[in-house]
Every structure is written in structure tokens, then in C-alpha cells.
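K.L.:
let me see the structure of the following:
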Amino acid sequence: MLKKMAIGLVLVFLLCPSVFAFDHNHSNWNELLQKHVHWINQGVASQVDYAGMQRDEKQLQAYLDELSAAYWSDFSRWEKPQQLAFLINAYNAYTVKLILSDYPDLQSIKDLGSFFSSPWGKSFFTLLGKPRSLDEIEHQMIRAPGAFDDPRIHAAVVCASIGCPGIRDEAFVAERVDQQLEDSFRRFLSDRSRNRYNAQNDRLEISKIFDWYAEDFSSGFRGQDSLAAFLGNYAELLADDENARQRIAAGQVRIEFLDYDWALNDLKR
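P.N.:
Residues are numbered from 1 along each chain as shown. Model prediction:
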């Protein structure tokens, strides 16, 4: 009987290794981020030391191998916060891997696309048992209706560009994912180069991200059914003047979208 039980346990480990092995602390990725991500502009933006990431590419690949070892059968049993942290970290780690595929001979992630396809549409990795692209992670898994329904993810999944929100210097983890999302979103809104109230023309000038994904910010998150209402919750980050803050909170300020800077968010030396 004991022999049969032992054989059974061995078979379980051989057939379903990821059930027991996946590291929800994302330790390898966390170490890389702590080492190679640098906050700038008083912590509202960040830059990535891609040269350093390149030197540590073996550790990056080890983390990507951990991600690829997880199957959908495992993922479907995880708690929602574990799933979300997994997908955000996967998106960001594979984005770094994509940048390193042609680093330092590129000025923008868009250089990795072609006339026929974008870099986000490339299926260059395996995740949850299938070939995937960055677009699939973001649009079909994270943004899928009913999956997470949290527009703050747009400050978490980053596109390796100056115009995008700063990548964190730590991995997302299930126990703190809500706080991390809120912190990342507040940092992004606090960056006056990308989001600000312009008193001269009485306009709220904000990132193009809010234009591209307007439906996400108008989908009822925390009871907000419009972009203006969503931003109104963060009025204190967008303006210094109290009167302007009150008008932003009331949705009384016209919104304009800023041009997006696609230059690589590489560490300036």
C-alpha cells in the first residue's frame, strides 16, 4: 500500500509540477526590478537599466521559465489577486525580454514592429500552455470583461516608453496588489509632464492612455461611470489650486489628451 502511494505521489509531481513549484512572491523578477529600476522626478516616473538587465538576462530567463511552467489548470485555481499579479508581472517581464532582443540598437519599442504587425502582436513566448503575445495578456486576459475590471492596471502594465507609467521597482504580489495598483496610479497622475491642469487655458491635459482606454475608466469602477468622474477622485494630484481641484472633482473642466512619448524608458547615464 505504501509503495503504491509513493508511486502515486511521484506521478503527481511529474504530471503537475507547477501546482507545487510556482513562486507567488515572484522572487527572481522582484530582485531584477529592485536592482535595475530607478525612480526619477521625485518618484513619479521610473527608468530601466536595460544594460544591467541584459547582464542579468539569465536570471530574467529563469523567471520567464517559471512563468511558462504554469498551466491554465493551475492558474484557474489561484485566487484573483494571484492571477492578476501573475499576469501583470508576466506582461512586464516579457516586455523587458522583447526590448533586450534588440538592445541597445533601438530607440523605441515600436522599432521592434513592422509594417504588418506591432511588437505587441508578436507571439514570442508560451504562457499557460499556449503561444502568447503581449496583446493577448493585456486585452484578452487582464482587460477581459468580468476578469478583473480594474482600470488602474493601465498604470501597472507598462510599454517600455517614457510616455507610459513608471514600472515599479518591485514585483506585484497578491497580498499587496490592490495597494500597489493604487500607488502606481497615483504616481502616474502626479507626474505633471503627463497629467496636469493647465490654468492658462482651463484644460485638464492628460495622458493619451485615458483616450485609448476611455471605456475602462467609464465602466463603473468604484461607482464612476465616466472618465471625468474617475479623474475627479484624484483631483488633488492634478492641480495645485483648490478652486481648480473642486472643478475637476465636479467634472467641470474640459479634457485634452497629450501626445505620447514612445522613446525608450532607458536609464540615462
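K.L.:
ok, A45 touching C164?
P.N.:
No: counting by Cβ atoms under 8 Å, C164 is not a contact partner of A45; they are 9.4 Å apart. Quick note: C-beta positions are derived from backbone N, CA and C, even for glycine.
K.L.:
skipping adjacent residues, who's closest to the residue positioned nearest the centre of the chain in space?
P.N.:
Residue closest to the mean C-alpha point of the chain, counted by Cα atoms, centre = their mean, is V157 at 1.4 Å. Nearest non-adjacent residue to V157, counting by Cβ to Cβ, 6 or more residues apart in numbering: Y91, 4.6 Å away.
K.L.:
give me the element that neighbour is part of.
P.N.:
helix 80-100 (DSSP states H and E).
K.L.:
would you mark the buried spots in the next helix-or-strand element following that helix?
P.N.:
Using DSSP H and E, the next helix or strand after helix 80-100 towards the C-terminus is strand 123-127. When burial is assessed from 16 or more other Cβ atoms under 10 Å, strand 123-127 yields the following buried residues: 125, 127.
K.L.:
for the residue nearest to the centre of the chain, what are its contacts?
P.N.:
88, 91-92, 137-138, 142 (Cβ atoms under 8 Å, 6 or more residues apart in numbering).
K.L.:
looking at neighbours, which among those residues is most surrounded?
P.N.:
I88 (26 neighbours; other Cβ atoms under 10 Å).
K.L.:
need the strands for this structure, in chain order.
P.N.:
Ranges of strands in the chain, per DSSP state E, are 37-40, 45-48, 123-127, 130-133, 196-198, 203-206, 254-257.
K.L.:
now do the second one: distance to the chain's middle.
P.N.:
In terms of Cα atoms, centre = their mean, to the nearest Å, the centre of strand 45-48 is set 13 Å apart from its chain centre.
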